[in-house]
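Colleague: The sequence isn't on hand, but the structure is:
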């Protein structure tokens, strides 16, 4: 009953009723705890002038990452009853990887909410982070069942073409190696730096074709950095078309 009253207040009486209505359209329900949803869109660089901005969305991002991975895994497990573990793992990775989440956040229009609650230049990675933080906020508000309903109905069915992903090959490192072998080229990777960023190890790698550095990339995971660098190298070689969604 108390949650119901909070939802009514947020929707009709709160000074944040405009924000509440935007959330209602985005989520499919009216939240009772607006603070955690404001927090979901607050980047660590946000000014702490407002009470809710003393914290940032990193903890919600951590929670949402775990919950989202579990929901996607369960969704794929039920959707593909005859598929093996390798296929399911690859499909889950295609959906929850940073680049995919950035695109989902863009399609959801999260850039508008991030612009409103942050005083910093937005990066594409902030979109993906906000998707995870939003899932974390929904989990705290609605529990697992309600979050699963939101992720499946609003995110997976609304913004992800699962059938298209089935045939999409995102192993750029393997594709680059295959191209080099066919064309008598050599490919190698070099770790340029390992440093701390946001209290986590971050890796900067370069991809070299015939000893020439074609591209570099940074990521929290060395293998992911190699994949991104490989994709950039393939664009440089004219094998892939540039992705307009990339920064």
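Modeller: Received, thanks. Please read all numbers here as calculations on a predicted model, not as lab measurements.

Colleague: Tell me what residue 203 is bridged to.
Modeller: On the basis of DSSP bridges, residue 203 is bridged to residue 194, residue 219.

Colleague: Now do it, the pLDDT please.
Modeller: Confidence at residue 203, expressed as pLDDT, is 95.

Colleague: That one contacts residue 220, correct?
Modeller: Yes. Contact between residue 203 and residue 220 holds when scored by Cβ atoms under 8 Å: they sit 7.4 Å apart. For the C-beta atoms, the positions are set from N, CA and C on the backbone; glycine is no exception.

Colleague: Compare these two (neighbour count), which wins?
Modeller: Neighbour count, other Cβ atoms under 10 Å: between residue 203 and residue 220, residue 203 has more, with 20 against 13.

Colleague: Against residue 189, how distant is the more buried one?
Modeller: Using Cβ to Cβ, to the nearest Å, residue 203 is found at 11 Å from residue 189.

Colleague: Same question for residue 174.
Modeller: The separation that residue 174 has from residue 189, given Cβ to Cβ, amounts to 13 Å.

Colleague: so where's this protein uncertain?
Modeller: Within the chain, the ranges that satisfy pLDDT under 70 run 9-13, 45-54, 119-120, 243-247.

Colleague: the helices in it, which residues?
Modeller: All helices of the chain, identified by DSSP state H, fall at 2-8, 17-27, 34-40, 58-79, 85-96, 98-108, 110-117, 124-150, 157-159, 162-167, 172-182, 222-236.

Colleague: rewinding a little: which one of residue 174 and residue 189 is surrounded by more residues?
Modeller: Set residue 174 next to residue 189 and count neighbours by other Cβ under 10 Å: residue 189 wins out with 16 against 12.

Colleague: Show me the domain layout of this protein.
Modeller: Following automatic domain parsing, the chain resolves into domains at 2-167, 172-236.

Colleague: Out of those, which is closest to residue 242?
Modeller: Closest approach to residue 242 among these is made by domain 172-236 (5.4 Å; Cβ to Cβ).

Colleague: If you drop the residues flanking it in sequence, what lies closest to residue 148?
Modeller: Residue nearest to residue 148 in three dimensions, not counting chain neighbours: residue 71, with 5.0 Å by Cβ to Cβ, 6 or more residues apart in numbering.

Colleague: Kindly confirm whether my reading is correct that the one you found touches residue 149.
Modeller: No. Counting by Cβ under 8 Å, residue 71 stays clear of residue 149, with 9.6 Å between them.

Colleague: Quick check: the gap between the residue of the chain most remote from its centre and residue 209.
Modeller: The C-alpha centroid of the chain is most remote from residue 184, which lies 36.6 Å away (Cα atoms, centre = their mean). Residue 184 sits 11 Å away from residue 209, taking Cβ to Cβ as the criterion.

Colleague: Near the nearest residue to residue 109 once chain neighbours are set aside, how many other residues are there?
Modeller: Leaving out its chain neighbours, the residue that sits closest to residue 109 by Cβ to Cβ, 6+ apart is residue 26, at 7.6 Å. Other residues within reach of residue 26, judged by other Cβ under 10 Å, total 16.

Colleague: give the contact list for the residue nearest to residue 100 when sequence neighbours are not counted.
Modeller: Using Cβ to Cβ, 6+ apart and skipping the chain neighbours, the partner closest in space to residue 100 is residue 94 (6.4 Å). Residue 94 sits next to 100, 165, 168, 170 when contact means Cβ atoms under 8 Å, 6 or more residues apart in numbering.
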